[in-house]
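A.B. asks: here you go, sequence then predicted model.
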Amino acid sequence: MNLFYISWKQFLIGCLAVMLSFALISAAFVQRKKASNHSRFINHGIIITDTVWTFQKEALQTYLQLAVEANHYKYLIVLEKNGSQYIEVTAQPLSFPDTLLCPLGIIPLNSMSTDIVYQEEVIGTLKGQQYSRICYPLATIFLSLFLFMIMILFIINLISSSKFLGQEVERENEKFRASERRFQELVDLLPETVCEIDPQGLLTYINEIGQKRFSPAKQGHHASSFFNFFMPEERERIQESFTSVIQGGKQKLTKVLAQTGASTPSPVLLRLAPCYSGKTISGLRAILFDITEQHQLEEQLRRAQRMEAIGLMAGGVAHDLNNILSGIVNYPELILMKLPPDSNVRDNVLALKKSGQRAAEVVADMLTVSRGIAAPKEIRSPNALIDEYLQSPEFSKLQSLHPDVAWKVKLDKDTPNISCSRNHVLKSIMNLITNGAEAAADSGEVTISTEKREDKAGKWWSVIIISDTGSGINADDQQHIFEPFYTKKMMGRSGTGLGLTIVANTMQDHGGKIRLNSSEDGSSFALFFPTLKQVQDVLADDIDKGEIQQGKGEKILIIDDDTTQRDIASQLLLSLGYQVVSVASGEEAVQYLRTRCVHLLLLDMIMEPGMSGFETYKQVVAIHPKQKAVIASGFSESNEVKNTMSLGAQGFIKKPYTLEQLAQIVYSTLKQANK
């Protein structure tokens, strides 16, 4: 606001006040001036009485001349008693301003007359005309009043402006305080530490997250040292960067280790920037970016890459091993079929078959790790799966190895069914119970329970919980226990290092999750499976699994690129009463089926370098739309299997398979085809 600004309203009011004051003062002044002039004129008459009486004309002339000049008379005349003129004195010519103002009536002439009395006798008369020059004092009065008005308005405006300026200053101060609060709040909202440091390295400011992360404490009466935020081995390097920036050096990001409230040092990125007071550097500002989470993500990525590499290697090896193991498992079966019951070598051949089956289980574990095994899903009850394992020979053997372990089973009958791969879930349950028994050795306790839980999103889960009263798993091991071949056990004695990896991959394949709680009082693994609304336990199957189903001469085409696999499948199917034709590639199969028909295809999925099982079946159904097929594979991408099943393939059997498994899947598929 302009301190010298006067509004037109203020000016108008001031002018009215001036005019009113001037009118009152002028009226009083004019009246007083008239009275004064009249009194002065009478006094002149009294003064000249003796002079007139004594006829001292020169003295009278001199006095009247002085009176004319002093009192602005136009002229003064002394008349004798008889009316004759005794003496006349006139004024000098008027000044230029008076000459202009008189014709305008601004300086009027006032006529005056008074008797000259000597000893109470009138001896003559004093007459004259006086210029009433009252305009000059009135103008002075008006100008004074006007200036006084301006001064009063200025003072009023000054007071008003001062008040306004005070309000403006307070408003600006409040804006500044609000801006400072907003800046403080914004800095406190930052997820990173922001601080200011004086040239000696002492903290002068630190935001809220920094206070929580570093908890800077005052050292006596002094602020905390900025360098105490970092590990001792890092401080010298940070002090060098600090000194460099203080001296105007280049700013850069520095990766250092900070000591926060965490148990381990936290990696941070440090950036220093100068604070200026005028043109002088008065300190530094620092921002510390916590990159702990980034490091953890990088470590998880490296771990995932390692697991992927191990998985690919395991999957590739497992694929080749499955083809080899098929001979070790299936040829003993063919030999046993031809041996008499009392043969001396029967037990040896049977032992060879069992060894091959155990090796196949290890291969299955490797395939689970590689997530390359295709496993069909069934509707199962978690309680039924646990009961199945608890009644298995494997659990009986585990109990004999750990006779001092107490077993508790708490199965909630309301636990919903799940869609799962029975073998994989059973394998996961077995691995966790085995680990629990080993952890709870020496009179410990293992608890197996089920329940249903609802998460925060309202989704329901069927939960299998395996807990033990062992010594727990330390924090470092918890970060690695699901990695392949990571184990604290003696390799080859109690595990291969794949147990928990199989559990983790199984849960991932089933869209579930794992929750681990571990302390000095023991560990608990909770497996969360998505629930189903179906109430049936397993799909109905009217096949008597105790009896090997024989064929009725149906024609089966075996499509496999491995000679051994074709030979094994041919001999097993021939022994079951089926007609068998085999080809070594998808191209041969398509060519064969262009002019012929078969009841069923036994189809391998990976047949390099030719067509895959999916491409083969896709071309076959273009020729025979209702062609039924069973997929036989030990290593297959899930999408390939699903796509093939969606085209019409109805069965899946995992290599290496037994005679009973092959008989069952072929019989059930053909029976379903005849419905």
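C.D. replies: Arrived safely. Residues are numbered from 1 along each chain as shown.
A.B. asks: report the mean per-residue pLDDT for the helix or strand containing Leu325.
C.D. replies: Following DSSP states H and E, the helix or strand that holds Leu325 is helix 292-338. The average pLDDT for helix 292-338 rounds to 73.
A.B. asks: and if you look at stretch 108-121?
C.D. replies: Here the average pLDDT along stretch 108-121 is 86.
A.B. asks: CA atoms only for it - export them in CSV, please.
C.D. replies: Output in CSV follows, covering the C-alpha atoms of stretch 108-121 (Å, rounded to 0.1, in the frame of the first residue of the first chain):
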residue,chain,number,x,y,z
PRO,A,108,-12.4,46.6,-1.5
LEU,A,109,-12.1,50.2,-0.3
ASN,A,110,-13.7,51.0,3.1
SER,A,111,-14.5,54.7,3.8
MET,A,112,-13.9,55.9,7.4
SER,A,113,-14.5,59.1,9.3
THR,A,114,-14.0,60.3,12.8
ASP,A,115,-14.2,63.7,14.6
ILE,A,116,-11.1,65.4,15.9
VAL,A,117,-12.0,66.5,19.5
TYR,A,118,-9.9,68.8,21.6
GLN,A,119,-11.0,69.5,25.2
GLU,A,120,-14.4,68.1,24.3
GLU,A,121,-14.7,70.4,21.3
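A.B. asks: does the residue most central in space within the chain count as helix, strand or coil?
C.D. replies: By Cα atoms, centre = their mean, the chain has its centre lying nearest to Pro191, at 8.7 Å. Here Pro191 is recorded as coil under DSSP: H, G, I helix; E, B strand; the rest coil.
A.B. asks: how many neighbours does the closest residue to it other than its chain neighbours have?
C.D. replies: Residue nearest to Pro191 in three dimensions, not counting chain neighbours: Ile209, with 6.4 Å by Cβ to Cβ, 6 or more residues apart in numbering. The way it works is simple: take the backbone N, C-alpha and C, and place the C-beta from them, glycine included. Ile209 has 18 neighbours, counted by other Cβ atoms under 10 Å.
A.B. asks: measure Ile209 to Leu269 for me?
C.D. replies: 15 Å (Cβ to Cβ, to the nearest Å).
A.B. asks: can you show me the helices along the stretch 51-200 of the chain?
C.D. replies: 57-71, 96-101, 135-189 (DSSP state H, counting those that start in this stretch).
A.B. asks: circling back to that earlier point, quick check: the residue nearest to Pro191 touching Leu190?
C.D. replies: Yes. Between Ile209 and Leu190 there is a contact under Cβ atoms under 8 Å: 6.6 Å.
A.B. asks: what packs against the helix holding Leu325?
C.D. replies: With contacts defined as 3 or more Cβ pairs under 8 Å, 6 or more residues apart in numbering; DSSP states H and E, helix 292-338 has these neighbours: strand 266-277, helix 346-370, helix 563-575, helix 659-674.
A.B. asks: hang on, the earlier thing: and the residue nearest to the centre of the chain, how close does it get to Gln184?
C.D. replies: As judged by Cβ to Cβ, Pro191 and Gln184 stand 16 Å apart.
A.B. asks: closest one to Tyr75 among the helices and strands packed on helix 292-338?
C.D. replies: strand 266-277 (84.2 Å; Cβ to Cβ).
A.B. asks: quick one: strands adjacent to the closest one?
C.D. replies: Using DSSP bridges, the strands paired with strand 266-277 are strand 253-258 (antiparallel), strand 280-290 (antiparallel).
A.B. asks: for Gln247, which of these is the nearest?
C.D. replies: That would be strand 280-290 among the strands paired with strand 266-277, by Cβ to Cβ, at 8.2 Å.
A.B. asks: next, the angle helix 135-189 makes with that closest one.
C.D. replies: For strand 280-290 against helix 135-189, the angle by axes from the mean of the first three to the mean of the last three Cα atoms, to 10 degrees is 40 degrees.
A.B. asks: how about strand 280-290: buried residues?
C.D. replies: Counting neighbours by 16 or more other Cβ atoms under 10 Å, one finds that the buried residues in strand 280-290 are 283-288, 290.
A.B. asks: among those residues, which one lies nearest to Asp342?
C.D. replies: Looking across the buried residues of strand 280-290 and measuring by Cβ to Cβ, the closest to Asp342 is Asp290, at 76.0 Å.
A.B. asks: on that earlier part again, got the helices of the stretch 51-200 of the chain as JSON lines, with mean neighbour count columns?
C.D. replies: Below are the helices of the stretch 51-200 of the chain laid out as JSON lines (neighbours: other Cβ atoms under 10 Å):
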{"stretch": "helix 57-71", "mean neighbour count": "16"}
{"stretch": "helix 96-101", "mean neighbour count": "13"}
{"stretch": "helix 135-189", "mean neighbour count": "13"}
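A.B. asks: in a markdown table, list these along with distance to Gln357.
C.D. replies: Supplementary listing: the helices of the stretch 51-200 of the chain in a markdown table, determined by distance: least, Cβ to Cβ, whole Å:
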| stretch | distance to Gln357 |
| --- | --- |
| helix 57-71 | 151 |
| helix 96-101 | 140 |
| helix 135-189 | 62 |
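A.B. asks: could I get these as a markdown table with mean pLDDT?
C.D. replies: Shown next, in a markdown table, are these (pLDDT from 0 to 100):
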| stretch | mean pLDDT |
| --- | --- |
| helix 57-71 | 85 |
| helix 96-101 | 81 |
| helix 135-189 | 83 |
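A.B. asks: what stretches of the stretch 351-500 of the chain score poorly on pLDDT?
C.D. replies: Counting by pLDDT under 70, the ranges of the stretch 351-500 of the chain that qualify are 358, 361-376, 478, 480, 484-498.
A.B. asks: run the last query once more with 80
C.D. replies: Residue ranges of the stretch 351-500 of the chain with pLDDT under 80: 351-378, 423, 441-443, 473-500.
A.B. asks: rounded mean pLDDT for the strand or helix carrying Arg213, please.
C.D. replies: Per DSSP H and E: Arg213 is located in helix 208-214. For helix 208-214, mean pLDDT is 82.
A.B. asks: determine the set of other helices and strands touching the very next helix or strand once past it.
C.D. replies: Sequence order places helix 232-246 as the next helix or strand after helix 208-214, per DSSP H and E. Helices and strands touching helix 232-246, by 3+ Cβ pairs under 8 Å, 6+ apart, are strand 253-258, strand 266-277, strand 280-290.
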